[in-house]
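Q: structure, please.
(one chain, ligands or ions: 3)
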Amino acid sequence: MLTQASIDGIAAAYSSSALVDLRKFTRLKPPPPPAAAALFLKARTEMGDPLKAEFLQQQGQSNAMADPLLTENPLKQGKKVPCVLSVAGSDSGGGAGIQADMKACAALGVYCTTAITAVTAQNTVGVQGIHCVPEDFVEQQLQSVLSDFDIDVVKTGMLPSSRMVKIVATAVRDYRVRALVVDPVMVATSGDELVGPAILGVLCKELLPLADLVTPNIPEASALIGGKCVSNIPDMREAAAVIHQLGPRYVLVKGGHLTSNDIVDILYDGKDWHELHSLREETHNTHGTGCTLASSIAAELAKGAAMLPAILAAKEYLSIVLKHSKKLMIGKGPQGPLNHLYGLANLVDMTNQMRLNPRDLMLYAVTDSDMNRRWHRSSSEAVRAAVEGGATIVQLREKEAESREFLTDAEACVEVAHQLGVRLLINDRLDIAMACNADGVHLGQSDMPVSVARAILGPKKIIGVSCKTPEQAQEAWKAGADYIGSGGVYPTKTKKDNKTIGLSGLYDVCKGSPLPVVAIGGISAANVEEILRSCPVNLFGVAVVSCLFDQPDIRAATANLHSKILKVFNTQRAEGR
Ligand SMILES: Cc1ncc(COP(=O)(O)OP(=O)(O)O)c(N)n1
Ligand SMILES: Cc1nc(C(=O)O)sc1CCOP(=O)(O)O
Ligand SMILES: [Mg+2]
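A: Ligands and ions are numbered 1, 2, ... in the order given. The predicted structure follows:
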């Protein structure tokens, strides 16, 4: 636990007599609140929140809607446009840093300018590289923006060097800025370090005294108070008190790193304490939440809100965004990005509209009518067992049956697959695919040309094409295909006279294919690992026949293969590939 003596000690170590003067530069005059903040508070007040009720009384009432994306957007109104300057790092994955700040500001109707401090090679798996922008050039960006735009609020994120912190502090002092929000970014959501502890001293001495708000999460709060452990709400309060002595007007210690479902953030202004509660959203898509909260607060301040309502409105926006991010499937890593602009084209709906999610190619079960006959199974029984075992997509491959029998079978299989939430394609036969309302077709090089099939099937159906060379894959892509089946990777007894292209042939197709690839031919649980490891680029899964359908227990055989594939993919993701 922190003692008062240690608090005083840390504060003294960082403070200087200049701090008092510097504080005069923080000018935050709260004009009337934005409709979003007022309204959000109204809604909450009606639910009995005294803190927000007090704010509402001060600010007057409004009946506009609480959804920030639906409220009056100053960008459209021909008025002075509220402006934020985000001084932060670029996230190549588009989820955090500058990219998050720009999207959050846009969503809240605020214009966002930028000064990029570092360029990160980053994705949903982690941070693979950091390239710091030269300090002089950061200074030039700041000058370009601050000398031209009427910046209301500066928001800082990743500041990778002490000199950069000083440059930003000087710029904030030199130009007329209404408020400064400091997000003391140190570690990315993935756990990768973005900024070393070397900048802490200068951050505390030069920038925090100018800040209207600093928004550390728990590890950052701990770093700011000299590495003391912060592990519960009393610790957060003590940390907020210490950080406040470094000079910022407000300190918001964010409690998301504690495990409770009731997330408590502590807000302290040197006099009053506020515990701001929010419910944890059940989602892995949390990459960039810290940047988003800080830039949303900056946006609300830029629109004229006072500090507390700005924070409440920003937290409300973030919680709506998190709700809209749950179904987003972007990237292969454990923490996906947020759906900041959920009110525009909805990314979740877009994924539903995608003809094919390449991840569905992971375990592609191709049925075989001969095998089913031999094992006395109907096609639909075989399809059910494969999907229940973990098949992620199914192809009905019937070489012998009459059209009528094939159609009856196909209708039953489509019903089973769709009941179980999996797509079903028909091998070779467009007419059957259309008649049974299958999800698409798989075509070989001597089947119906892809461009003709696309014209017949229209834009909504999936078309897969067998390709043994990168040139064929290019052709298929140009003609409107969705994925490539490439093989035979190994010799197969299932397809007569099939040319084997081997692992190297598969590798060439994967490298040269603009479309996702699924490998086929002689694949089983015994060799799946070497196939997936040999072609990490563009290979999304394996298509198999005999190792599932020429087996006594299709469900068990599929489950076994499924677990082997998952193991490889999970390792590859952990390795950042
Ligand atoms: C996923 C997948 N890849 C390749 C094939 C082979 O298709 P094709 O060359 O048309 O041969 P037949 O399957 O029609 O004998 C496939 N069916 N599925
Ligand atoms: C249908 C098919 N197409 C191939 C190609 O190389 O394009 S190999 C093949 C048969 C794959 O069956 P099994 O998993 O039993 O080896
Ligand atoms: Mg064919």
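Q: can you give me the neighbour number for the residue of the stretch 151-300 of the chain found nearest ligand 2?
A: Per CB to the nearest ligand atom, H284 is where the stretch 151-300 of the chain lies closest to ligand 2, at 33.2 Å. C-beta here means a position set from N, CA and C on the backbone, and glycine is covered the same way. If you count neighbours by other CB atoms under 10 Å, H284 ends up with 13.
Q: thought G333 was touching it, still the case?
A: No - with contact defined as CB atoms under 8 Å, H284 does not reach G333; the gap is 9.0 Å.
Q: find the residue closest to A118 in space, skipping its chain neighbours.
A: G89 (4.0 Å; CB to CB, 6 or more residues apart in numbering).
Q: where does the one you found land in three-state SS?
A: Following DSSP: H, G, I helix; E, B strand; the rest coil, the label given to G89 is strand.
Q: just to check, it is in contact with A115?
A: No - shown here, G89 and A115 do not form a contact pair, counting by CB under 8 Å, at 10.5 Å.
Q: list the contacts for the residue nearest to the spatial centre of the chain?
A: For the chain, the residue nearest the mean C-alpha position is P337 (1.4 Å; CA atoms, centre = their mean). P337 sits next to 93-96, 100, 124, 285, 287-288, 325, 328, 330-331 when contact means CB atoms under 8 Å, 6 or more residues apart in numbering.
Q: can you show me the helices along the stretch 101-250 of the chain?
A: In the stretch 101-250 of the chain, the segments counted as helices under DSSP state H, counting those that start in this stretch are 135-148, 162-174, 200-202, 218-224, 233-244.
Q: check which helices and strands the third one sits against.
A: When contacts are defined as 3 or more CB pairs under 8 Å, 6 or more residues apart in numbering; DSSP states H and E, helix 200-202 packs onto helix 162-174.
Q: and the helix it packs on, what does it pack against?
A: Using 3+ CB pairs under 8 Å, 6+ apart: helix 162-174 touches helix 135-148, strand 153-156, helix 200-202.
Q: recalculate using a threshold of 7 Å.
A: Helices and strands touching helix 162-174, by 3 or more CB pairs under 7 Å, 6 or more residues apart in numbering; DSSP states H and E, are helix 135-148, helix 200-202.
Q: which one of those lies nearest to S403?
A: S403 lies closest to helix 135-148 among the helices and strands packed on helix 162-174, at 66.8 Å (CB to CB).
Q: the residue of the stretch 451-577 of the chain found nearest ligand 3: neighbouring residues, count only.
A: Taking CB to the ion, ligand 3 has its nearest neighbour within the stretch 451-577 of the chain at S466, 6.8 Å off. The local packing of S466 (other CB under 10 Å) involves 21 other residues.
Q: so who does it touch?
A: By CB atoms under 7 Å, 6 or more residues apart in numbering, S466 lies in contact with G444, Q445, G485.
Q: repeat that with 10 Å
A: Residues in contact with S466 (CB atoms under 10 Å, 6 or more residues apart in numbering) are 442-447, 472, 476, 484-488, 495, 498, 520, 543.
Q: tell me where the stretch 151-300 of the chain is predicted with low confidence.
A: 188-190 (pLDDT under 70).
Q: for it, which segments count as strands?
A: 153-156, 179-182, 213-214, 250-253, 262-268, 273-279 (DSSP state E, counting those that start in this stretch).
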